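Undergrad: I would like the atomic coordinates for the input below:
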Amino acid sequence: MKIAIISTMEGSPWGGSEYLWASIAEKALNEGHEVFISICDWSISHTTVKKLKDLGACLLPRPRFFKPLYFLKTVINCVAKPSTQQLLSLLLNYPTVFTCKPDVICISQGGSYDVAHILGLRQLLHYSGIPYSIICHFNSDSSLLSQVKRKSIYQFFKNAKFVAFVSEQNYKLAEHHLACSLSNTIVVKNPVNLLDHSLVPFPQSSTPSFACVARLETFYKGQDILFKSLSSEIWRERDWQCCLYGSGLDEEYLKLLSRHYGIENRIQFMGHINDVRSIWAENHILVLPSRAEGTPLSLVEAMLCGRPAVVTDVGGNADWIEENNTGFIAEAPTAKHLNIALEKAWLDRDNWQQMGLKAHNYAKNNIDERPGKTLLNLILNSVKS
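TA: Numbering: from 1, shown residues only. This next block holds a predicted model:
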């Protein structure tokens, strides 16, 4: 079968949302299917994409930025040869996906409503008649839709074979935004980037070390909220350190902010680390101050390694963390609420190792060992139905 995958992610070359569609692609290639992947041009150098190409995937890179001269030439050509489908194909960065004539298309959205902002893609799917499924990752209370976009997204979801969300909360949030029930939705689980799911020995350092494992993009990941919480007088008097793992556009801002709050000697910028288990060999607890999420891979990976977590109640975080058992939940992504959760964690720090063991057992019993296979089967069965 010919399977096309469209990733709508454009804000950064790679992110946690990309591993799920990549696992589908890898499984499909291993089973002998043809796979076509439409991604932004700056993503093709990622090691995961290179691996898929080596396995036989056909990459269809598209430019990230709008090109006025190309747009003008397109309009002139289409005026000379008017055709609705031709016009849409040329105006979009996605024509090669449809000229490959796939049997089915899987659209992976880094958010939940990305396609609302992509000119004509919904119409092109409609005119082609190719069956499609959707994966939705990030969602947020602030993802407000206009009436026009609300109607178009509802129709886009309704016409899909299925719409997969990576957390129950984000699925319910989508229904809230659309003001209707969605009958063709499922909740799926992200893959984890760990081959070894065994416990990582708990660090023996007497200084508690927080780890924040996330892209350095404060709009989504909220590291600025964490810095504000840790800058209070009570935290200045305590012995702790906080290590940030990841890279991103806000690294310089966060370094300035740590100096502004006078906590630069407590904050360490570690960069992106591929070896997840090495992170947890040095740190005692995960802190995710996210403003919005899907279900963060870093949370599940930390739990598998045997670490509790302090998280905000967004996305799938509360699906994995049980208060005072496997971690602590801030009711909202604000410094005030995060500080309450951090305080609870600090006062219970003698139990972190035991909580980490419970987190490990919960994660081990609840992950999907083969999420790519799970979704591939759903995609293949949806075409047959």
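Undergrad: show me the contacts for residue 347.
TA: Contacts of residue 347 were listed using CB atoms under 8 Å, 6 or more residues apart in numbering, and none were found. Backbone N, C-alpha and C define where each C-beta goes, glycine included.
Undergrad: could you check the pLDDT of it?
TA: With respect to pLDDT, residue 347 scores 98.
Undergrad: from residue 317, how far off is it?
TA: 21 Å (CB to CB, to the nearest Å).
Undergrad: which stretches of the stretch 1-150 of the chain form strands?
TA: For the stretch 1-150 of the chain, the strands defined by DSSP state E, counting those that start in this stretch occupy 2-7, 34-40, 58-62, 104-109, 132-136.
Undergrad: elements contacting the fourth one?
TA: Right, strand 104-109. strand 2-7, helix 18-30, strand 132-136, helix 371-384 (3 or more CB pairs under 8 Å, 6 or more residues apart in numbering; DSSP states H and E).
Undergrad: which among these is found nearest to residue 46?
TA: Each of the helices and strands packed on strand 104-109 has some distance to residue 46 by CB to CB; the shortest is helix 18-30, at 7.9 Å.
Undergrad: so how far is that closest one from its chain's centroid?
TA: On the basis of CA atoms, centre = their mean, to the nearest Å, helix 18-30 sits 15 Å off its chain's mean C-alpha point.
Undergrad: now stretch 116-131
TA: 23 Å.
Undergrad: ends of it, how far apart?
TA: 18 Å (CA to CA, to the nearest Å).
Undergrad: buried residues, that stretch. List them.
TA: 116, 118, 120, 121, 122, 124, 125, 127, 128, 130, 131 (16 or more other CB atoms under 10 Å).
Undergrad: try stretch 43-53
TA: Applying 16+ other CB under 10 Å to stretch 43-53 flags 43, 48, 49, 52 as buried.
Undergrad: tally of neighbours for residue 335?
TA: Using other CB atoms under 10 Å, residue 335 has 20 neighbouring residues.
Undergrad: element containing the closest residue to it other than its chain neighbours?
TA: Setting aside the residues directly before and after it, residue 335 is nearest to residue 228 in space (CB to CB, 6 or more residues apart in numbering), at 4.1 Å. According to DSSP states H and E, residue 228 maps onto helix 223-230.
Undergrad: other SSEs contacting that helix?
TA: Checking 3+ CB pairs under 8 Å, 6+ apart, helix 223-230 ends up next to strand 241-245, helix 251-260, helix 335-347.
Undergrad: tabulate those in JSON lines, adding columns for distance to residue 158.
TA: Below are the helices and strands packed on helix 223-230 laid out as JSON lines (distance: least, CB to CB, whole Å):
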{"stretch": "strand 241-245", "distance to residue 158": "40"}
{"stretch": "helix 251-260", "distance to residue 158": "41"}
{"stretch": "helix 335-347", "distance to residue 158": "36"}
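Undergrad: contacts for the helix holding residue 228, please.
TA: 212, 214, 216, 218, 235, 240, 242, 244, 250, 253-254, 257-258, 261, 263, 266-267, 287, 289, 291, 333-335, 338-339, 342.
Undergrad: just the buried ones from those residues?
TA: With burial judged by 16+ other CB under 10 Å, the buried subset of the contacts of helix 223-230 is 212, 214, 216, 218, 235, 240, 242, 244, 250, 254, 257-258, 261, 263, 266-267, 287, 289, 291, 333-335, 338-339, 342.
Undergrad: picking up where we left off before, let me have the strands of the stretch 1-150 of the chain in CSV, extended by mean pLDDT and distance to residue 174.
TA: Output for the strands of the stretch 1-150 of the chain, formatted as CSV (pLDDT from 0 to 100; distance: least, CB to CB, whole Å):
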stretch, mean pLDDT, distance to residue 174
strand 2-7, 96, 19
strand 34-40, 95, 23
strand 58-62, 92, 26
strand 104-109, 97, 11
strand 132-136, 97, 7
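Undergrad: export those strands as JSON lines, with columns for distance to residue 192 and mean neighbour count.
TA: Converted to JSON lines, the strands of the stretch 1-150 of the chain look like this (distance: least, CB to CB, whole Å; neighbours: other CB atoms under 10 Å):
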{"stretch": "strand 2-7", "distance to residue 192": "19", "mean neighbour count": "23"}
{"stretch": "strand 34-40", "distance to residue 192": "22", "mean neighbour count": "22"}
{"stretch": "strand 58-62", "distance to residue 192": "25", "mean neighbour count": "17"}
{"stretch": "strand 104-109", "distance to residue 192": "17", "mean neighbour count": "25"}
{"stretch": "strand 132-136", "distance to residue 192": "17", "mean neighbour count": "24"}
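Undergrad: tell me which of those sits nearest to residue 169.
TA: Once the strands of the stretch 1-150 of the chain are compared by CB to CB, strand 132-136 is nearest, at 11.8 Å.
Undergrad: the closest one pairs with which strands, parallel or anti?
TA: Strand 132-136 pairs in its sheet with strand 104-109 (parallel), strand 163-165 (parallel), by DSSP bridges.
Undergrad: can you list these in CSV and add distance to residue 359?
TA: Output for the strands paired with strand 132-136, formatted as CSV (distance: least, CB to CB, whole Å):
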stretch, distance to residue 359
strand 104-109, 28
strand 163-165, 23
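Undergrad: about what we covered before: quick check, nearest of the buried residues of stretch 116-131 to residue 159?
TA: residue 125 (7.6 Å).
Undergrad: need the contact list for the closest one.
TA: Each residue near residue 125 by CB under 8 Å, 6+ apart is listed here: 105, 132, 156, 159.
Undergrad: list the beta-bridge partners for the nearest residue to the second one once chain neighbours are set aside.
TA: For residue 132, the nearest residue in space outside its immediate sequence neighbours is residue 105; the separation is 4.2 Å by CB to CB, 6+ apart. Bridge pairing for residue 105 (DSSP bridges) gives the partners residue 4, residue 132.
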